[in-house]
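Q: 3D, please:
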Amino acid sequence: MRVHFIAVGGAAMHNLAIALHLKGFNVTGSDDAFYEPSKSRLKAHGLLPATDGWNVELITEELDAVILGMHARIDNPELLKAQELGLSIYSYPEYIYQQSIDKKRIVVGGSHGKTTITSMILHVLNYYNQSFDYLVGAQIAGFDNMVKLSDAPLIVIEGDEYLASPIDRRPKFHLYKAHVGIISGVAWDHINVFPTFESYKEQFSVFIDTIADNGTLIYCEEDEVLKTLVENHQFKQKIKIIPYKTPLFKIEEGKTFLTLKGADVELNVFGRHNLMNLTAAKLACIEGGVSEDDFYKAIASFKGAAKRLERLGETEHSIVFKDFAHSPSKLKATVDAVKEQFPDRSLIACIELHTFSSLNEGFLNEYKDTINGADFAIVYIDKNTFVQKNMKPFSGEDVIKAFGGKKLYFYDNPEDLKKSIETLRTADCNLLMMSSGTFGGIDLVTLANSFLFR
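A: Numbering: from 1, shown residues only. Alright, predicted model coming up:
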């Protein structure tokens with residue numbers, strides 16, 4: 001098979017390119033620019049183009065498929081050439097489906113927790129050496145790549161609700177046609193694509209309709225919006241519905257234990273949201289043939305996905321966490337989790353507003369009271385981000401008013417942010433840095449060491 005990737009440098013795209021290369025496909029690709037880690041990873045597999053930029057000479061009639069990344073524009077010269085030649089053009093979720101059409105498909109959807117639930121399922125299946133393929137949105141321990149495609153009978157897919165490609169405006173998770181579909185919760189996001197909450201919620205109703213006949217829907221009944229959506233849904237197919245909620249647990253000396261009938265199970269992850277994620281993963285693993293007891297045995301060694309309450313450093317009295325949280329629901333869940341786990345420590349929580357939704361003035365009020373669980377709250381915006389995203393900037397006063405709460409600080413300069421964190425540092429104090437961005441290029445490991453050992 002000869003496959004060409006347009007915009008191969010993207011996170012999902014370069015991982016799929018590597019997966020197909022490892023499967024024996026003849027893979028080429030191009031992009032207007034390459035950044036780490038995709039640049040080094042593509043180079044290691046001999047897939048990095050000699051030069052940046054688009055190359056229409058790579059688009060020939062010999063190609064079996066062209067895979068189009070979301071980063072490409074609709075007037076991309078390679079795309080136009082592929083359309084002119086009548087080649088088969090796929091978004092990456094479409095192509096994942098084509099490669100898994102004969103497999104049992106577990107698809108993890110929801111506004112939050114997708115990566116963690118998917119990672120938990122993969123960890124358990126890997127623990128028992130099961131044969132499976134996967135697509136996950138973060139690097140996780142024990143897995144070299146974020147995508148695997150083989151002859152395995154099962155695939156586990158993180159189902160993002162963002163759009164598939166510039167020429168396919170369907171959400172990605174609509175294209176996988178799950179046999180087992182998971183929805184972790186519904187909280188408005190991607191406002192640039194779904195301008196109203198109603199239009200956003202509708203995507204999850206459509207996802208339910210895509211689940212195969214005689215399939216399974218697993219959903220969080222503690223999410224009131226989701227619970228109402230499922231209860232009011234007019235099902236078009238025969239389907240098994242399994243609700244889930246937070247399991248019984250206890251916290252002792254900064255450690256979380258599941259409280260089971262037989263014995264307590266100590267976990268490496270914490271927070272009510274992660275315990276709900278764990279329950280969803282358990283139900284999915286049972287659907288995949290793993291017993292409940294075997295699940296608990298395996299999940300005890302799960303240490304989390306990258307950037308999900310990832311520990312950058314710690315001492316006896318302080319921990320610095322890095323987390324991907326950026327939407328209001330993720331922000332609140334993460335802040336509350338750290339505070340509940342370490343109630344005797346003060347908490348400095350810093351959120352960088354970086355996404356299109358978070359930088360939209362009309363969406364800003366969705367963050368009201370989400371960071372109140374912290375003792376000291378910081379909101380950071382890289383002022384260059386407004387320019388890069390061509391968005392109308394708003395002031396620090398606007399941010400502070402929207403978030404509400406006491407002891408809230410705003411910065412748009414990384415040096416001022418670092419100085420503030422050092423000033424707020426107290427004994428017995430944790431630091432939580434949350435963003436899908438880069439905090440203006442701050443080296444978070446260096447910051448963690450400065451915070452812990454100064």
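Q: could you check how far the residue lying closest to Phe394 once chain neighbours are set aside is from Leu417?
A: Setting aside the residues directly before and after it, Phe394 is nearest to Glu361 in space (C-beta to C-beta, 6 or more residues apart in numbering), at 5.2 Å. All C-beta atoms are positioned from the backbone trio N, CA, C, and that covers glycine. Here the distance between Glu361 and Leu417 works out to 22 Å (C-beta to C-beta, to the nearest Å).
Q: the more surrounded of those two?
A: Using other C-beta atoms under 10 Å, the more surrounded residue of Glu361 and Leu417 is Leu417, with 24 against 12.
Q: my guess is the more buried one meets Val379, correct?
A: No. No contact is recorded between Leu417 and Val379 when judged using C-beta atoms under 8 Å, the distance being 10.0 Å.
Q: now the common contact residues for the two.
A: Overlap between the contact sets of Leu417 and Val379, as judged by C-beta atoms under 8 Å, 6 or more residues apart in numbering, is given by 350, 411.
Q: following element in sequence after the top helix by length along the chain, please.
A: Scanning the chain for the longest helix, with DSSP state H as the assignment, gives helix 272-287. Sequence order places helix 292-299 as the next helix or strand after helix 272-287, per DSSP states H and E.
Q: helices or strands up against the helix or strand that that following helix is followed by?
A: The first helix or strand that comes after helix 292-299 along the chain, using DSSP H and E, is strand 310-314. Strand 310-314 is packed against strand 319-323, helix 444-453, with contacts defined by 3 or more C-beta pairs under 8 Å, 6 or more residues apart in numbering; DSSP states H and E.
Q: list the neighbouring strands of the first one plus their orientation.
A: Sheet pairing here is set by DSSP bridges, and for strand 319-323 it gives strand 310-314 (antiparallel), strand 429-434 (parallel).
Q: hang on, the earlier thing: on the pLDDT front, check the residue nearest to Phe394 for me.
A: Looking at Glu361, its pLDDT stands at 87.
Q: okay, which residue is most central for this protein?
A: The centre of the chain sits closest to Thr115, judged by C-alpha atoms, centre = their mean, with a distance of 4.6 Å.
Q: ok so, going back, what's the most buried one of the strands paired with strand 319-323?
A: Comparing the strands paired with strand 319-323 on average neighbours per residue, with mean count of other C-beta atoms under 10 Å, the densest one is strand 429-434 at a mean of 24.
Q: tilt between that one and helix 444-453?
A: Using axes from the mean of the first three to the mean of the last three C-alpha atoms, to 10 degrees, the direction of strand 429-434 lies 170 degrees away from that of helix 444-453.
Q: what distance separates strand 429-434 from the centre of its chain?
A: When C-alpha coordinates are averaged (C-alpha atoms, centre = their mean, to the nearest Å), strand 429-434 and its chain have centres 20 Å apart.
Q: please save the CA atoms from it in PDB.
A: The C-alpha atoms that make up strand 429-434 are tabulated as PDB, following Å, rounded to 0.1, in the frame of the first residue of the first chain:
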ATOM      1  CA  CYS A 429       2.600  23.800  49.400                       C
ATOM      2  CA  ASN A 430       1.800  22.100  46.100                       C
ATOM      3  CA  LEU A 431       2.000  23.800  42.700                       C
ATOM      4  CA  LEU A 432      -0.300  22.800  39.800                       C
ATOM      5  CA  MET A 433       0.500  24.100  36.300                       C
ATOM      6  CA  MET A 434      -2.400  23.500  33.800                       C
END
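Q: burial count for the residue nearest to Asn365 when sequence neighbours are not counted?
A: Using C-beta to C-beta, 6+ apart and skipping the chain neighbours, the partner closest in space to Asn365 is Ala402 (5.1 Å). Using other C-beta under 10 Å as the criterion, Ala402 is surrounded by 16 other residues.
Q: thought Ala402 was touching Leu364?
A: Yes. In terms of C-beta under 8 Å, Ala402 counts as a neighbour of Leu364; the distance is 4.2 Å.
Q: quick one, domains of this structure?
A: For the chain, automatic domain parsing gives the domain ranges 2-87, 95-299, 310-453.
Q: and the strands in the stretch 1-150 of the chain?
A: Along the stretch 1-150 of the chain, the stretches classed as strands by DSSP state E, counting those that start in this stretch are 2-6, 26-30, 65-68, 89-91, 104-109, 133-135, 147-148.
Q: counting contacts, what elements does the longest one pack onto?
A: Strand 104-109 makes packing contacts with helix 114-127, strand 154-158, strand 180-183, helix 272-287 when contacts are defined by 3+ C-beta pairs under 8 Å, 6+ apart.
Q: could you find the closest non-adjacent residue to Pro243?
A: Excluding its sequence neighbours, the residue lying closest to Pro243 (C-beta to C-beta, 6+ apart) is Glu221, at 3.8 Å.
Q: return the residues in contact with the one you found.
A: For Glu221, the residues meeting the contact criterion (C-beta under 8 Å, 6+ apart) are 227, 243-245.
Q: restricted to helices, list those.
A: When these are checked against helices using DSSP H, the ones located there are Lys227.
Q: from Arg169, how far off is Gly110?
A: Per C-beta to C-beta, Gly110 is found 21 Å from Arg169.
Q: okay, these two: which has more neighbours?
A: When Gly110 is set against Arg169 and neighbours are counted by other C-beta under 10 Å, the residue ahead is Gly110, at 25 against 9.
Q: residues near the nearest residue to that one once chain neighbours are set aside, how many?
A: Distance criterion C-beta to C-beta, 6+ apart; nearest residue to Gly110, sequence neighbours excluded, is Ser184 at 3.0 Å. The number of residues packed around Ser184, counting by other C-beta under 10 Å, is 24.
Q: now do Phe194
A: Other residues near Phe194 come to 20 when the count uses other C-beta under 10 Å.
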